[in-house]
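Peer 1: okay, sequence plus prediction incoming.
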Amino acid sequence: LDSLIQAFAAKGVEFNHVLKMGRTQLQDAVPMTLGQEFHAFATTLGEDLARLKTLAPELLTEVNLGGTAVGTGLNAERKYVFGVVERLRSLTGIGLARDENMIDTTQNADVFVEVSGLLKACATTLIKISNDLRLLSSGPRGGFGEIRLPDLQAGSSIMPGKVNPVMPEMLAQVAYQTIARDLAITLAAQGGQLELNAFLPLVAANLLPAMEELTGAMKLVAERCVSGIEANSERCRFHLENSVALVTALAPLIGYDRAASLAKQALQTDSSVKKSLLDSGLFTAEELDTLLRPEALTRPGMVKRPTAAKPKEAAHE
């Protein structure tokens, strides 16, 4: 997970200067940079990583060896109960600790449900990101075409030259499987009765592969996909400059209704929003060049109408 975060963060820096059109509900929204988009991928995965790290210490204290049948420790020497955990720490190098209430640990598998739930949350994030990568690279001419994924293999036996986004698709499929495994783990955890959960083999059979599969998939995507992504700066700029969504920045100056009317006019006449604004007489060309600089529209704040420069005062004054 950390390697994938670093790969996205590096691309965020690399693409920080690439201006593009943001999209909401697959419709044109306001300007942003491709770097901001990739930084968001890194940030949301970083949140998943932080949640997993928070849970890790809880797993270390879930050892109930020596609890015997129901967690009371009957027929287990006290020196074994403490010695076996110490031996495990020595063998693994992991700071394991005996559970203070081994009856609870023998009955319940809730901590594994929590781990699985965090893996599911991470899988959900990965599916969203993989879908975004597929959309941004779609085309390359009939779709967005704003990024280029590394060409890994021929995509079609009937369409020469076609290359498919196989790495994001692989990642999504592993994530789907992780979500399915989470359901099995949830059912197994709730299936325990009274003093013992007899379904821990099912938990292990799904939780361990989920971690292994996600780990392998994320490493592959980081190394063989994200690290090789290229930006199509010209395509990004084309979409941005031909969008009517730029008028959003001027809504505080001319009002929402008038801005919406000018956007619709631009769409109906198949012209740029800048032309509609000029035809309206509300702004001069110089003012629009200043107000609609996409670089300024990717940062917090509101645009303000430029103030005219004051004439220089006479020298004798």
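Peer 2: That came through fine. Treat the numbers as computed from the prediction; the structure is a model and nothing was measured. Numbering: from 1, shown residues only.
Peer 1: drop to CA atoms for contacts and neighbour counts, all remaining ones
Peer 2: OK.
Peer 1: hang on, Lys304 in a strand?
Peer 2: No. Note on Lys304: no strand contains this position according to DSSP: H, G, I helix; E, B strand; the rest coil, which reports coil.
Peer 1: what is the neighbour count of it?
Peer 2: Burial of Lys304, expressed as a neighbour count using other Cα atoms under 10 Å, amounts to 13.
Peer 1: how about Lys275, secondary structure?
Peer 2: Assigned state for Lys275: helix (three-state reduction, three-state DSSP).
Peer 1: buried ones in the helix or strand encompassing Ala263?
Peer 2: Using DSSP states H and E, Ala263 maps to helix 256-268. Along helix 256-268, these residues count as buried under the neighbour rule (16 or more other Cα atoms under 10 Å): Ala259, Ala260, Leu262, Ala263, Gln265, Ala266.
Peer 1: same question, stretch 76-96
Peer 2: By 16+ other Cα under 10 Å, the buried positions in stretch 76-96 come out as Val81, Val85, Leu96.
Peer 1: can you redo those residues as CSV with distance to Cys236 and pLDDT?
Peer 2: Formatted as CSV, the buried residues of stretch 76-96 follow (distance: Cα to Cα, whole Å; pLDDT from 0 to 100):
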residue, distance to Cys236, pLDDT
Val81, 63, 87
Val85, 58, 93
Leu96, 51, 92
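Peer 1: can you lay out those as JSON lines showing distance to Val70 and secondary structure?
Peer 2: Rendered in JSON lines, the data for the buried residues of stretch 76-96 read as follows (distance: Cα to Cα, whole Å; DSSP: H, G, I helix; E, B strand; the rest coil):
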{"residue": "Val81", "distance to Val70": "14", "secondary structure": "helix"}
{"residue": "Val85", "distance to Val70": "18", "secondary structure": "helix"}
{"residue": "Leu96", "distance to Val70": "21", "secondary structure": "coil"}
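Peer 1: okay, the helix holding Ala263 in PDB with CA atoms only?
Peer 2: Extracted as PDB, the C-alpha positions of helix 256-268 are listed here (Å, rounded to 0.1, in the frame of the first residue of the first chain):
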ATOM      1  CA  TYR A 256     -25.700  32.400 -11.000                       C
ATOM      2  CA  ASP A 257     -28.700  32.800 -13.400                       C
ATOM      3  CA  ARG A 258     -26.800  35.000 -15.900                       C
ATOM      4  CA  ALA A 259     -23.800  32.700 -15.800                       C
ATOM      5  CA  ALA A 260     -26.000  29.700 -16.500                       C
ATOM      6  CA  SER A 261     -27.700  31.500 -19.400                       C
ATOM      7  CA  LEU A 262     -24.300  32.400 -21.000                       C
ATOM      8  CA  ALA A 263     -23.100  28.800 -20.500                       C
ATOM      9  CA  LYS A 264     -26.300  27.500 -22.300                       C
ATOM     10  CA  GLN A 265     -25.800  30.000 -25.000                       C
ATOM     11  CA  ALA A 266     -22.200  28.800 -25.600                       C
ATOM     12  CA  LEU A 267     -23.500  25.200 -25.900                       C
ATOM     13  CA  GLN A 268     -26.300  26.100 -28.200                       C
END
